[in-house]
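Enquirer: Sharing a sequence plus its predicted fold:
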There are 2 protein chains.
Amino acid sequence: MRISAKGDYATRAMQELAMHYNRGPLPIEAIAGRQQIPVRYLEQLLLILKRAGLLESKRGVKGGYYLAKPPNQITVGQIIRLMDGPPAPIFCVDPASHDKCPVEAICGFQSVWDEVHQAVAGIIDKTTLEDVCHRAMLKLEPGAATYRI
Amino acid sequence: MRISAKGDYATRAMQELAMHYNRGPLPIEAIAGRQQIPVRYLEQLLLILKRAGLLESKRGVKGGYYLAKPPNQITVGQIIRLMDGPPAPIFCVDPASHDKCPVEAICGFQSVWDEVHQAVAGIIDKTTLEDVCHRAMLKLEPGAATYRI
DNA sequence: TAATTCTTGACTAATTCAATAGAGTTAGTC
DNA sequence: GACTAACTCTATTGAATTAGTCAAGAATTA
Ligand code: FES
Ligand code: FES
């Protein structure tokens, strides 16, 4: 019932990159600094996101990471699933799990946990990085028209 | 985003006791056997539930545990909070947490996680053991009018 | 070529989780 | 009143996961 540091870090890093969309690569250090994430740890997470096709990168001077797709085509669900696995609260309601629950036949909770699963999946799968950026904008000083780098 | 074995075991044990409501104490062994839970582990969980006022117990021969209240006055949320803590996916949306999130001012995810929190809490807090028993009944053989002990 | 930045895999410390163990207490039964 | 079924409490363990660190290397640009 909880998002790991991995999921937390990865989502916030993605917000940072979404805010910077179409403004060239953003180096790991910049993301880590602004979002207060340990650099050496963030390295690993960005690599996972890259391998999954959500990010692209450029090495060397002026290099860094950037989104592989527009922010409105990346959902929070994609990031969380990658980092924390499926949002099912228990394996017996995880569509991806093939194990059969030994007490399924007498358990009244399966449908409860399934409701929870659907509720969570519904939220994270409909929320895109674009939405997240809008929400972040609303938090900034009313005067600040754009995101400060 | 997941229920621990502790929460899983505790909820299933409570279902078992709810099914047996008003039929005298149910010994730990009986619960553990039917629900396939390690006996010595279940002992600890039932004690926690007892200390929280959800269960009462009777020692000695013919002793065991029984619900302290009718099944419709015990919610799944009470059990889960006891075992797995608050259903908030991250501390910054946990009303009980007093720590301030260091990136709150620039984070677009707070409201997303809060939606998740509300959704989960809404489900587990409105679902009672009575509901769970009904759901379990529906799973049993259509012919079986009552719960087999 | 030198500086910068990503890439990769290995490694470790700390914590949590799930379970086990054992000694003790209470309540009925015969 | 001994015997036994059953709950009570604390401690300990082993495995797994989590969170984070480290070192060496490869690509890019100035
Ligand atoms: S625990 Fe698996 S169906 Fe309830
Ligand atoms: S991580 Fe705390 S507000 Fe987003």
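Expert: Cool, the structure landed. Ligands and ions are numbered 1, 2, ... in the order given.

Enquirer: Close to DNA strand D: what parts of chain A are there?
Expert: Residues of chain A lying close to DNA strand D by Cβ under 7 Å from any atom of the strand are A:4-6, A:9, A:38, A:40-41, A:43-44, A:58-63. (Glycine included, C-beta is placed from N, CA and C.)

Enquirer: Narrow those to those in strands?
Expert: The strands, defined by DSSP state E, take in A:Lys58 from the residues of chain A next to DNA strand D.

Enquirer: By neighbour count, which of the residues of chain A next to DNA strand D wins?
Expert: Counting neighbours by other Cβ atoms under 10 Å in any protein chain shown, A:Tyr9 comes out on top of the residues of chain A next to DNA strand D with 23 neighbours.

Enquirer: Number of residues surrounding the residue nearest to that one when sequence neighbours are not counted?
Expert: Excluding its sequence neighbours, the residue lying closest to A:Tyr9 (Cβ to Cβ, 6 or more residues apart in numbering or on different chains) is A:Ile37, at 4.8 Å. For A:Ile37, the count of nearby residues is 21 (other Cβ under 10 Å).

Enquirer: residues contacting A:Ile37?
Expert: By Cβ atoms under 8 Å, 6 or more residues apart in numbering or on different chains, the contact list for A:Ile37 reads A:Tyr9, A:Arg12, A:Ala13, A:Ile31.

Enquirer: Quickly find the element holding the last one.
Expert: Right, the one you point to is A:Ile31. Under the criterion of DSSP states H and E, A:Ile31 resides in helix A:28-35.

Enquirer: picking up where we left off before, list just the nearest of the residues of chain A next to DNA strand D to ligand 1.
Expert: For the residues of chain A next to DNA strand D, the residue nearest ligand 1 by Cβ to the nearest ligand atom is A:Ser4; the value is 22.7 Å.

Enquirer: Next, count neighbours for the residue nearest to that closest one when sequence neighbours are not counted.
Expert: Spatially, and ignoring its direct neighbours in sequence, A:Ser4 is nearest to A:Asp84 (5.4 Å; Cβ to Cβ, 6+ apart). By other Cβ under 10 Å, 18 other residues sit near A:Asp84.

Enquirer: List the buried residues of the helix or strand hosting A:Thr11.
Expert: Using DSSP H and E, A:Thr11 sits in helix A:5-19. Neighbour counts using 16 or more other Cβ atoms under 10 Å in any protein chain shown place A:6-19 of helix A:5-19 among the buried residues.

Enquirer: what's the answer for stretch A:115-131, then?
Expert: Neighbour-count burial for stretch A:115-131, counted by 16+ other Cβ under 10 Å, picks out A:115-117, A:119-121, A:123-124, A:127-131.

Enquirer: Could you do stretch A:85-99 as well?
Expert: Within stretch A:85-99, the residues scored as buried using 16+ other Cβ under 10 Å are A:Pro86, A:Pro87, A:Ala88, A:Pro89, A:Ile90, A:Phe91, A:Cys92, A:Val93, A:Asp94.

Enquirer: Thought A:Arg34 was touching A:His20, still the case?
Expert: No. Between A:His20 and A:Arg34 there is no contact under Cβ atoms under 8 Å: 10.1 Å.

Enquirer: Let me see the confidence value for whatever residue of chain A ends up closest to ligand 2.
Expert: Going by Cβ to the nearest ligand atom, ligand 2 is nearest to A:Asp8 of chain A, at 5.7 Å. Looking at A:Asp8, its pLDDT reads 98.

Enquirer: And it, how far from chain B?
Expert: Applying Cβ to the nearest Cβ, to the nearest Å, the value for A:Asp8 to chain B is 6 Å.

Enquirer: what's near enough to touch that residue?
Expert: Per Cβ under 8 Å, 6+ apart, neighbours of A:Asp8: B:Ile90.
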